[in-house]
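A.B. asks: here are the coordinates; sequence isn't available:
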């Protein structure tokens, strides 16, 4: 939990208060329960750090509640070393590696760029994958 909260330490209290007060009681309960469950099942501390960066993006209104929960859910299901390969798939890539297959299963990659009729296997990050990559890049996670 400490790793999760550390990511948002530099966010001012007013921004945090605005976010919490914008949530209705039902959303607050749903989001809290969901995040607590995901954090408690995360098998690596780095996953909590990544989820903290996603939470920070939500506090800054860069993403909405559903995007935050979707990305956090993806992170808990991902194999952490695979996530380091996200930058390899920003552009169309013909390397359908084990990591690429994992990203496809997680919903981070669109395969068969240009359509299945192109008859050329390739893939690249979809909007969700690019969003996760952007959040991870901004937090310095890839370095």
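C.D. replies: Noted; the coordinates are in hand. Not measured: the values here are computed from a predicted model. Residues are numbered from 1 along each chain as shown.
A.B. asks: how about low-confidence regions in this protein?
C.D. replies: For the chain, the stretches with pLDDT under 70 are 1-5, 7-8, 111-120.
A.B. asks: ranges for the strands of it?
C.D. replies: 109-111, 123-125 (DSSP state E).
A.B. asks: residue 57 is nearest to which of those strands?
C.D. replies: strand 123-125 (16.5 Å; C-beta to C-beta). Just so you know, the C-beta spots here come from the backbone N, C-alpha and C atoms, and that holds for glycine as well.
A.B. asks: which residues sit against the closest one?
C.D. replies: 86, 89-93, 96, 100, 103-104, 108-113, 133 (C-beta atoms under 8 Å, 6 or more residues apart in numbering).
A.B. asks: hmm, try it at 7 Å
C.D. replies: If you take C-beta atoms under 7 Å, 6 or more residues apart in numbering as the criterion, strand 123-125 is touched by 86, 89-93, 96, 100, 104, 108-111, 113, 133.
A.B. asks: nearest to residue 18 among those?
C.D. replies: residue 133 (27.0 Å).
A.B. asks: most centrally placed residue in the protein?
C.D. replies: residue 71 (3.5 Å; C-alpha atoms, centre = their mean).
A.B. asks: next, count neighbours for the nearest residue to that one once chain neighbours are set aside.
C.D. replies: Sequence neighbours aside, residue 54 is the residue nearest to residue 71 in space, at 4.8 Å (criterion: C-beta to C-beta, 6 or more residues apart in numbering). As a burial measure, residue 54 scores 27 neighbours (other C-beta atoms under 10 Å).
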